[in-house]
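**Q** Any chance you could fold what I've pasted below:
(2 chains)
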Amino acid sequence: MTKLRRLNAKGIEEFRGFLQRIRDGEEFRASPAILYTDDYSQRLPRPVEIAPRRFASKFEAAEYLAGVLADVPAASDDVGLWSWLALFYFDQVSPVGAEGKRRPREDYHYIPSGEGWHRGRHLLAGPYKLYAMHGATARLLLHPPVHQHGAFLYDLGFRRDLITNRGLIESIDLLYWDPKRNRPRRGATTATRPGNLRRLIAVIQQLDFNYDLYGMRAEEILRLLPSEFDPWRPPPLLRVFASSA
Amino acid sequence: MLRKLNFTERARMPRSNVRVTLRRDAGGTLVFDPRLSFDGVGVPPSTRVFVEAYYRTSFMRFDCGSVENFAPPDDRRLTDIDSTSLVRFRVKLVDADEHRVVAVADDIVVSEEKPEVAGRMPLLPVSFTDSLGEQAWRIAFEPNGPVLELNTRIDNIKEVAKSDAAFFALVYPAAVRQVLTQILLVDEQAAHEDGDEWWNYWLRWAARFSAPLPTDADDAPLWIDEVVEAFCNQQTPIARWRAARSDG
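**A** Okay, the predicted model is just below:
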């Protein structure tokens, strides 16, 4: 176990340089000194233990971090804390690719940035916030490995009014999550498949003119969807619709 | 000119019924204070009221009670809105039983510099941002219209934008040209007689300088030239710049 820390301004600058040096071809050295040196990072006022674990998915990482950070005040917007965590789990947020090299992405994937598209793209803070907001129904959004975003996050993440809508995220979970296989249903993001995720977003944006979707429960939203979504509806709900038709 | 039809059966909530003020709290976080009037809107008293704040992809929503009991929440901090000096607001009146939107006042643009808005939609809101790198300014085309973004890395940019004659001469005519080019040549929009989309406000404003509006794309470049020329003749940016230099 390790005591959780946060990078200071000097540590964050060093991390940026570190990312650039890896992009330029330098090798990654595990546990770099800035993680533990007071010049670059500080311990939290109240000690918090964290373990070097491997996560099977973003969901697993978010669930674990939610537990670790439960008593850390204002954790979600702490740039130094999330930068430190990205460096601590660097092997997972920037793994070695098939060609034997790490290829770090833009800095905001590792060091939180507060604006526009970049907001929420941090590979650990983004999933943590979604888990805090949606709990278990975030499993579809957070199904991919830690270093990837995945189609659901790409398609939904650019609209905060969609991604923060609890009823809608639960609807999406009911439609596209396969509870038997514990993964997204096949074809959910296939553009040619009727009732796919992008079609759902298009329909939701039309419904948004007349309905206050943000204030609706999942079942109420599902009831508004046209028949092209019938094959995706969970069976019990489908029976209810059939009997009330 | 085309006429528009209202298919949504929504009541109209005039923008003039909405007043929103922006301020910073002690911690520097942007906070909004709404004042709404429901006069003439024609919805039941039990209708729910929601205020939504948004800017680009960021979004926050506030439950403000009902028409008969308008009660904004105590915490109105815009913590999830992208760091900007500009925020857009939407007031949504909702039938609580059926979740139907019965009236909306959208695109209420409020800036920190001009905090109070009552029924007025600025044609070109200004946003001060640190995300422009080495660009001094840029027109950002958002779904609700263009925004003039100015780089906060320029010293004293807020004062420069407000009163510097050289800034006006170099930025505004070019901005007008870019916006009209986007409307007519890139998006190929047609003007509606009573349209309330952003481009209709722009075209109606521009038609004051050069009427009539062009009817086909071939005429548009010349018409845009005429508008920019007439705008400059009215505003006399060069004369103001020269006067400012001789005063200095």
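
**Q** ok, whichever residue of chain A sits closest to chain B - contacts?
**A** Chain B sits closest to A:R160 of chain A, with a gap of 3.7 Å, by CB to the nearest CB. Bear in mind the C-beta positions are built from the backbone N, C-alpha and C, glycine included. Counting by CB atoms under 8 Å, 6 or more residues apart in numbering or on different chains, A:R160 touches B:Y54, B:T57, B:S58, B:F59, B:D80.

**Q** how far away is the second one from A:Q205?
**A** Counting by CB to CB, to the nearest Å, the gap from B:T57 to A:Q205 is 14 Å.

**Q** likewise the first one?
**A** Here B:Y54 is placed at a distance of 14 Å from A:Q205 (CB to CB).

**Q** So for those two, which sits in the more crowded spot?
**A** Set side by side, B:Y54 and A:Q205 show more neighbours around B:Y54, with 25 against 13, by other CB atoms under 10 Å in any protein chain shown.

**Q** And what about that one, helix, strand or coil?
**A** Assigned by DSSP: H, G, I helix; E, B strand; the rest coil, the conformation of B:Y54 is strand.

**Q** Show me the beta-bridge partners of it.
**A** In this entry, B:Y54 is beta-bridged to B:F59, B:R88, by DSSP bridges.

**Q** okay, now the domains of chain A?
**A** Domain ranges of chain A: A:1-143, A:150-245, per automatic domain parsing.

**Q** mind putting the ones you listed in JSON lines, mean pLDDT and distance to B:L124 included?
**A** Formatted as JSON lines, the domains of chain A follow (pLDDT from 0 to 100; distance: least, CB to CB, whole Å):
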{"stretch": "domain A:1-143", "mean pLDDT": "90", "distance to B:L124": "20"}
{"stretch": "domain A:150-245", "mean pLDDT": "88", "distance to B:L124": "24"}
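
**Q** Could you export those to CSV, including columns for distance to B:V227?
**A** Listed next are those as CSV, based on distance: least, CB to CB, whole Å:
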stretch, distance to B:V227
domain A:1-143, 31
domain A:150-245, 33
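
**Q** so where do the strands sit in chain B?
**A** For chain B, the strands defined by DSSP state E cover B:11-12, B:18-24, B:30-36, B:48-55, B:58-66, B:86-95, B:100-111, B:117-118, B:126-129, B:137-142, B:145-151.

**Q** what's whichever residue of chain B sits closest to chain A in contact with, if anything?
**A** When distances are taken as CB to the nearest CB, chain B reaches nearest to chain A at B:F59, 3.7 Å away. Counting by CB under 8 Å, 6+ apart, B:F59 makes contact with A:R159, A:R160, A:D161, A:T164, B:E52, B:A53, B:D80, B:I81.

**Q** Mind giving me the ChimeraX select for these, buried ones only?
**A** In ChimeraX, a selection of the buried entries from those looks like this (16 or more other CB atoms under 10 Å in any protein chain shown):
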select /A:159,160,161,164 /B:52,53,80,81
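
**Q** Tell me the one among the contacts of B:F59 nearest to B:R240.
**A** B:I81 (35.1 Å; CB to CB).

**Q** ok, for the closest one, nearest residue in space, not its chain neighbours?
**A** Nearest residue to B:I81, sequence neighbours excluded (CB to CB, 6 or more residues apart in numbering or on different chains): B:S58, at 4.7 Å.

**Q** repeat for A:I12
**A** A:S83 (5.3 Å).

**Q** I'd assumed A:G11 was in contact with the one you found.
**A** Yes. Here A:S83 reaches A:G11: they are 7.2 Å apart, a contact under CB atoms under 8 Å.

**Q** just the contacts of A:R160 now: which is nearest A:E106?
**A** B:T57 (16.4 Å).

**Q** Quick check, pLDDT for that closest one.
**A** We have a pLDDT of 71 for B:T57.

**Q** got it, and the one 10 residues further on?
**A** B:V67 is assigned 95 on the pLDDT scale.

**Q** so who does it touch?
**A** Counting by CB under 8 Å, 6+ apart, B:V67 touches B:F38, B:V41, B:V43, B:P44, B:P45, B:S46, B:T47, B:V49, B:L93.

**Q** do the same with B:L86
**A** B:Y55, B:V109, B:V110, B:S111, B:E112, B:P125, B:V126, B:S127, B:V147.

**Q** what bridges to the closest residue in space to it that isn't next to it in sequence?
**A** In this structure, B:L86 finds its nearest non-sequential neighbour in B:S127, 4.1 Å apart by CB to CB, 6+ apart. Under DSSP bridges, the beta-bridge partners of B:S127 are B:E149.

**Q** and B:S127, how many neighbours does it have?
**A** When neighbours are counted by other CB under 10 Å, B:S127 comes out with 24.

**Q** Can you read off the pLDDT for the nearest residue to A:P95 once chain neighbours are set aside?
**A** Distance criterion CB to CB, 6+ apart; nearest residue to A:P95, sequence neighbours excluded, is A:H147 at 5.6 Å. A:H147 carries a pLDDT value of 94.

**Q** Mind naming the longest helix for chain A?
**A** helix A:9-23 (DSSP state H).
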